[in-house]
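K.L.:
what's the 3D shape of this:
(one chain, ligands or ions: 2)
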Amino acid sequence: MIIVMGLPGAGKSTLLSKLKESGTDYEFVNYGDLMLKIEIGKGWVKTRDEMRKLPIEKQKQAQKLVAAWLAKQNGKLILDTHCSVNTPSGYYPGLPFAFLKGLAIEKLIYVTANVDEIIARRQNDPSRLRDSNDNIAEHDSMNRCYLAAYSAFTGAPSVIIYNKQGKLDEAVEQMKKLL
Ligand code: AMP
Ligand code: MG
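P.N.:
Ligands and ions are numbered 1, 2, ... in the order given. Now for the predicted structure:
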């Protein structure tokens, strides 16, 4: 499994959908979709952007179910998820070690961009209810710390991809070389 993480607004989903279009033998799984299905089922949320506001205990319960499902998958998977989630209680790890333990991970990829580019992308995406733009640099540096921790814990190499404005194709190419 390859895990792709990104700062909200870095363009991770756009990059992954381009990668998918370009044809690969990997199957794509979106962590947020799996979590949303679980949390809607429990009646905790109605929409995607409510999930990170839930009490940590609930987010952890949903993560545990997603992790159990993921641990049963074999084959070539690309998992679209987050290094850390910006919750009202603080930064929360997207991949707590207890859940990471059961997964066979080949590579960890973090997608990021400059703060200005992220702000512009968030403003151009009315489908999402994004957080304030005050702590983008801080969230980005926290994510890099989590990335290093996941890499050290799993022994899988980590790569940072910069999704520069107008250079989406370059980022896709870089990603393709990593598969
Ligand atoms: P996305 O569409 O990638 O921004 O993900 C939507 C939401 O799914 C995020 O804002 C989080 O609430 C949740 N989510 C995704 N991956 C994780 C994860 N590994 N751990 C906890 N929550 C996650
Ligand atoms: Mg996304």
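
K.L.:
Name the residues of the helix or strand bottoming out on mean pLDDT in the chain that come out as buried.
P.N.:
Of the helices and strands making up the chain, the lowest-confidence element is helix 115-123, at a mean of 90, by mean pLDDT, DSSP states H and E. Across helix 115-123, burial judged by 16 or more other Cβ atoms under 10 Å covers 117-118, 121-122. (Each C-beta comes from the backbone N, C-alpha and C, glycine too.)

K.L.:
now residue 129: how far from residue 48?
P.N.:
Distance, residue 129 to residue 48, by Cβ to Cβ, to the nearest Å: 8 Å.

K.L.:
confidence score at residue 102?
P.N.:
As predicted, residue 102 sits at a pLDDT of 87.

K.L.:
just to revisit the earlier point, which of the buried residues of helix 115-123 lies closest to ligand 1?
P.N.:
Using Cβ to the nearest ligand atom, residue 122 comes nearest to ligand 1 of the buried residues of helix 115-123, at 11.1 Å.

K.L.:
quick one: the closest one and residue 9 touch, right?
P.N.:
Yes: look at residue 122 against residue 9 with Cβ atoms under 8 Å: they come within range, at 4.1 Å.

K.L.:
Overlap in contacts, the two.
P.N.:
Residues touching both residue 122 and residue 9 (Cβ atoms under 8 Å, 6 or more residues apart in numbering): residue 130.

K.L.:
Would you mind listing what in the chain touches ligand 1?
P.N.:
Residues of the chain lying near ligand 1 by Cβ under 6 Å from any ligand atom: 8, 31-32, 35, 48, 51-52, 59, 63, 80-82, 85, 94-95.

K.L.:
Out of those, who's the most crowded?
P.N.:
Within those, residue 95 tops the neighbour count with 27 neighbours, counted by other Cβ atoms under 10 Å.

K.L.:
From start to finish, how long is stretch 73-89 in a straight line?
P.N.:
31 Å (Cα to Cα, to the nearest Å).

K.L.:
Would you mind listing the buried residues in it?
P.N.:
So stretch 73-89, judged by 16+ other Cβ under 10 Å, has buried residues 77-87.

K.L.:
and if you look at stretch 25-32?
P.N.:
26, 29, 31-32.

K.L.:
Export that stretch to PDB, keeping only CA atoms.
P.N.:
In PDB, the C-alpha atoms belonging to stretch 25-32 read as follows (Å, rounded to 0.1, in the frame of the first residue of the first chain):
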ATOM      1  CA  ASP A  25      -2.700  -0.800 -11.800                       C
ATOM      2  CA  TYR A  26      -3.200   0.600  -8.300                       C
ATOM      3  CA  GLU A  27      -6.600   0.800  -6.800                       C
ATOM      4  CA  PHE A  28      -7.600   4.100  -5.100                       C
ATOM      5  CA  VAL A  29      -9.100   4.200  -1.700                       C
ATOM      6  CA  ASN A  30     -10.200   7.400   0.000                       C
ATOM      7  CA  TYR A  31     -10.000   7.300   3.800                       C
ATOM      8  CA  GLY A  32     -12.400  10.200   4.300                       C
END
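
K.L.:
I'm done for today, thanks for sticking with me.
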